[in-house]
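**Student:** Need the 3D shape of this:
(chains A, B, C and D)
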Number of protein chains: 2
Amino acid sequence: MTVQIARRRPTISDVARLAGVSISTVSRVVNGTAPVADETVLQVRHAITTLNYTPSAAARSLAGRKTQTIGLLLPQISGAFFAPMLLGIEIAARQGGFALLVHAQESQPANGDLTASLGSHNVDGILVFTTCLGDQEVTQLHAEGVPQVLLFRTPPAGLEIPCVFFENRENAHALVTHLIEVHGRRRIAFLQGLAGNEESVQREAGYREALEAHGLAVAPELMGVGGFTEIDGRRATEAWLRRGLEFDAIFSGNDEAAIGAIMALRAAGRRVPEDVAVVGFDDLPYARLIEPPLTTVHAPIQDAGLQATRQLVSLIQTGRAERMTLLPTEVVIRRSCGCA
Amino acid sequence: MTVQIARRRPTISDVARLAGVSISTVSRVVNGTAPVADETVLQVRHAITTLNYTPSAAARSLAGRKTQTIGLLLPQISGAFFAPMLLGIEIAARQGGFALLVHAQESQPANGDLTASLGSHNVDGILVFTTCLGDQEVTQLHAEGVPQVLLFRTPPAGLEIPCVFFENRENAHALVTHLIEVHGRRRIAFLQGLAGNEESVQREAGYREALEAHGLAVAPELMGVGGFTEIDGRRATEAWLRRGLEFDAIFSGNDEAAIGAIMALRAAGRRVPEDVAVVGFDDLPYARLIEPPLTTVHAPIQDAGLQATRQLVSLIQTGRAERMTLLPTEVVIRRSCGCA
DNA sequence: GATTATTATGTAAGCGCTTGCAGAAAGCGC
DNA sequence: GCGCTTTCTGCAAGCGCTTACATAATAATC
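**Tutor:** From the prediction side, this is the model:
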């Protein structure tokens, strides 16, 4: 392959010259920022088409001091969770006229200056996913006046930064209650997310309340620590099995870990749901595909991305946004809990 | 939530003033573009830290006429396929010092000027996924000198544009051969992708060759048209079932459609793989999770993103890149083909 | 018909950076 | 010590746009 020689791109001056007007007039018809005579508009439009002119984003940003770009700070891109979320974000960003700059932390050393690359220059605002940024960094960005919206993460104490969450507690409670009341389970284990995962904490709270409401003790040895990956779920379950712990159900804080649990159970010859019921949270696209189809709580992931982005756009454009957006979830009964 | 008042961000002039040097010197230490005395470097560094200075990307792009940004044109973001690919792209982009601007077509009307928003100004190069862009648009971008790399798509005739593909034919051939030789299947249906999907065409070629090599006729009625979604696979399979067509295996051009086929078969009371073997292509993360675990061909999706981006970075920086990158695939035998 | 609003356009001053050019300072050979 | 290279640094000209501000032309008011 050889070098491609780029012709100089036409600038606003070229358009102005061809249309026989000044560059400010061109700018005004492009942006619609001031009235322009119909005839002039036509001439300018024609010149634009003829030259195949596209405004330079860089020059626009520099002169207009806004980038029309939103930065996305993600801990990772892989995982079934992110595709729908990204889609929601993309849709809302596009609707608001913003481009999307993606920055996944996974791919780089977690040095502090990643905020530099997005933080204060490339973008008009940032969408911060869970634990991507520590309290300190969020606080600093806030102090610098960078609009941000937090996804699945509460702002540092005292700061008013919009955040978006799923409704976790209520349906975690409902699902565990289902396990207890409908299926008569009494020894229900819980699979936790990583330390600092607020979703996990809330889901656990619902779990605890449901147990307590039925006079069941929370067994500390049945709290699976680790994280929300399939491996974590498998490991934790294997550990319980190895220790000979008794349990007749597992409530996993998310679907991925639930799948790991099912794998471990199956490998150990335990039947799901007969011997051990397993339920998850999130309702990932493949939750219904696995065997047995996973009973879980549906979380509107795409909507989370959409709403968060809308809040951010609003924050950027008007300076105001909802302090907290809570998205409703829904229990989805399939077969892994024991239901036909 | 109230307005956040942004302090003016420090500029290169502020740094220069504080360090007692000119802005060009600051620029030189920031970019390392010319030798600067050690002592001066220290002073400038100190001023930068003190002021918490970050260069403005817009100003840099404008002055340096490069954006250090890669544009990604995707037909969609959802789907298990995109997460790993995006991850690969992200990693390679980051390594090359480029930011990633994501543009999913799904979310907007497919008007022609989407190339405008990415095309000739925001980015130094574009990664074009399959059918996002027609031949005409690709040709135009090429004519404008915009570096681009095509993913799973050949360039328009006569143009030398780098592209990245999986090795499709060989292992499609191998997989169908496996169905024939090991499992004695003779009436093997094929599930096609959307018209224009070159991956599908190549996989179909492998399928046809395998049939022919074994003296089996290709049955036109067993070519499932449609697309590569689960729904498409289900619909096509249902149609075959409804028409009472005989077949003892389905080779789906991708995993998603294969899952649809399995669903349809199961709903109709056919056993997989006893009555009908089903195999796919791609080896999506959940292919091993479904019941029965899917025999398929593993495609290195993340690697595809990675390699394509590396080629693009090379094209941007050096003007040269591999004309075609072919990524090896691998047959993955699980149970849906009939193997234990 | 003179005065005042209104609309349409141009002028020019940046936005914050990169970079070619030139000058100053310092090192080198003989 | 005198030219000559080699380092280091500053000056200033843009990059392509937005946006006050000024101006010209037109319409409205009494």
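
**Student:** Assign a three-state SS to the one residue in chain A that gets nearest to DNA strand C, would you?
**Tutor:** Closest to DNA strand C within chain A is A:Pro35: 2.7 Å, counting by C-beta to the nearest atom of the strand. Where C-beta positions appear, they are placed from N, C-alpha and C, glycine not excepted. At A:Pro35 the chain is in coil, as set by DSSP: H, G, I helix; E, B strand; the rest coil.

**Student:** so who does it touch?
**Tutor:** The contact partners of A:Pro35, by C-beta atoms under 8 Å, 6 or more residues apart in numbering or on different chains, come to none.

**Student:** Name the helix or strand for A:Ser13, please.
**Tutor:** Using DSSP states H and E, A:Ser13 maps to helix A:12-19.

**Student:** Let me know whether the helix or strand following that helix sits next to DNA strand D.
**Tutor:** Past helix A:12-19, further along toward the C-terminus, the next helix or strand under DSSP H and E is helix A:23-31. Yes: against DNA strand D, helix A:23-31 shows contacts by C-beta under 7 Å from any atom of the strand at A:Ile23, A:Ser24, A:Ser27, A:Arg28, A:Val30, A:Asn31.

**Student:** Is the fourth one in contact with A:Thr40, as I believe?
**Tutor:** Think A:Arg28. No: between A:Arg28 and A:Thr40 there is no contact under C-beta atoms under 8 Å: 9.2 Å.

**Student:** which parts of chain A sit against DNA strand D?
**Tutor:** A:8-9, A:11-13, A:23-24, A:27-28, A:30-31, A:33, A:53, A:55-56, A:59-60, A:62-64.

**Student:** Out of the residues you listed, which are close to DNA strand C?
**Tutor:** Within the set of the residues of chain A next to DNA strand D, contact with DNA strand C (C-beta under 7 Å from any atom of the strand) is found for A:Ile23, A:Ser24, A:Arg28, A:Ala59, A:Leu62, A:Ala63.

**Student:** got a list of what the residue of the stretch 151-300 of chain A found nearest DNA strand D touches?
**Tutor:** In the stretch 151-300 of chain A, the residue found nearest to DNA strand D is A:Pro162; the distance is 25.1 Å by C-beta to the nearest atom of the strand. For A:Pro162, the contacting residues are A:Val149, A:Leu150, A:Gln311, A:Leu312, A:Leu315, A:Ala321, A:Glu322, A:Arg323, A:Met324, A:Thr325, B:Met1, by C-beta under 8 Å, 6+ apart.

**Student:** And the helices in the stretch 51-200 of chain A?
**Tutor:** A:57-64, A:82-95, A:114-118, A:135-143, A:169-181, A:198-213 (DSSP state H, counting those that start in this stretch).

**Student:** So which of these is the most surrounded?
**Tutor:** helix A:82-95 (a mean of 24; mean count of other C-beta atoms under 10 Å in any protein chain shown).

**Student:** now the helices of the stretch 51-200 of chain A as TSV including distance to A:Arg187?
**Tutor:** Shown next, in TSV, are the helices of the stretch 51-200 of chain A (distance: least, C-beta to C-beta, whole Å):
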stretch	distance to A:Arg187
helix A:57-64	59
helix A:82-95	34
helix A:114-118	44
helix A:135-143	37
helix A:169-181	10
helix A:198-213	10
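
**Student:** could those helices be laid out in a markdown table, adding mean pLDDT and distance to chain B?
**Tutor:** Converted to a markdown table, the helices of the stretch 51-200 of chain A look like this (pLDDT from 0 to 100; distance: least, C-beta to the nearest C-beta, whole Å):
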| stretch | mean pLDDT | distance to chain B |
| --- | --- | --- |
| helix A:57-64 | 92 | 4 |
| helix A:82-95 | 90 | 4 |
| helix A:114-118 | 59 | 5 |
| helix A:135-143 | 87 | 7 |
| helix A:169-181 | 98 | 21 |
| helix A:198-213 | 96 | 19 |
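
**Student:** mind listing the helices for the stretch 201-340 of chain A?
**Tutor:** Under DSSP H, counting those that start in this stretch, the stretch 201-340 of chain A gives helices at A:230-242, A:255-267, A:301-318.

**Student:** Pick the most buried one from the ones you listed.
**Tutor:** helix A:255-267 (a mean of 24).

**Student:** how about that one, does it get close to chain B?
**Tutor:** Yes: judged by C-beta under 8 Å from any C-beta of the partner chain, helix A:255-267 comes into contact with chain B through A:Ile259.

**Student:** And the spatially closest residue to A:Phe152 that is not a sequence neighbour, what's its pLDDT?
**Tutor:** With sequence-adjacent residues excluded and distances taken as C-beta to C-beta, 6 or more residues apart in numbering or on different chains, A:Phe152 is closest to A:Thr130, at 4.8 Å. pLDDT, A:Thr130: 84.

**Student:** who's in contact with A:Thr130?
**Tutor:** By C-beta under 8 Å, 6+ apart, the residues touching A:Thr130 are A:Pro75, A:Leu151, A:Phe152, A:Arg153, A:Gly196, A:Asn197, A:Glu198, A:Glu199.

**Student:** out of the residues you listed, which touch DNA strand C?
**Tutor:** Residues of these in contact with DNA strand C (C-beta under 7 Å from any atom of the strand): none.

**Student:** Pick the one among these closest to B:Leu191.
**Tutor:** A:Pro75 (35.5 Å; C-beta to C-beta).

**Student:** wouldn't the closest one be in contact with A:Leu133 here?
**Tutor:** No: here A:Pro75 does not reach A:Leu133: they are 9.9 Å apart, not a contact under C-beta under 8 Å.

**Student:** So for those two, which sits in the more crowded spot?
**Tutor:** A:Leu133 (25 against 16; other C-beta atoms under 10 Å in any protein chain shown).

**Student:** how near is that one to A:Ile70?
**Tutor:** Distance from A:Leu133 to A:Ile70, counting by C-beta to C-beta, to the nearest Å: 15 Å.

**Student:** Mind picking out the helix or strand in chain A with the poorest mean pLDDT?
**Tutor:** In chain A, no helix or strand scores lower on mean pLDDT, DSSP states H and E than helix A:114-118, which sits at a mean of 59.

**Student:** and the residue in the stretch 101-250 of chain A positioned nearest to DNA strand D, how many residues sit next to it?
**Tutor:** Of all residues in the stretch 101-250 of chain A, A:Asp124 sits closest to DNA strand D, at 13.1 Å by C-beta to the nearest atom of the strand. The tally of other residues near A:Asp124 (other C-beta under 10 Å) stands at 21.

**Student:** Just want to check the distance between it and A:Lys66.
**Tutor:** Going from A:Asp124 to A:Lys66 by C-beta to C-beta gives 6 Å.

**Student:** hang on, the earlier thing: and the contacts of A:Pro162, which is closest to B:Ala261?
**Tutor:** A:Thr325 (39.2 Å).

**Student:** Which pLDDT value does the model give whichever residue of the stretch 151-300 of chain A sits closest to chain B?
**Tutor:** Nearest residue of the stretch 151-300 of chain A to chain B, counting by C-beta to the nearest C-beta: A:Glu291, 3.4 Å away. A:Glu291 carries a pLDDT value of 88.

**Student:** So it sits against B:Tyr286, correct?
**Tutor:** No: applying C-beta under 8 Å as the test, A:Glu291 and B:Tyr286 come out as separate, 11.5 Å apart.
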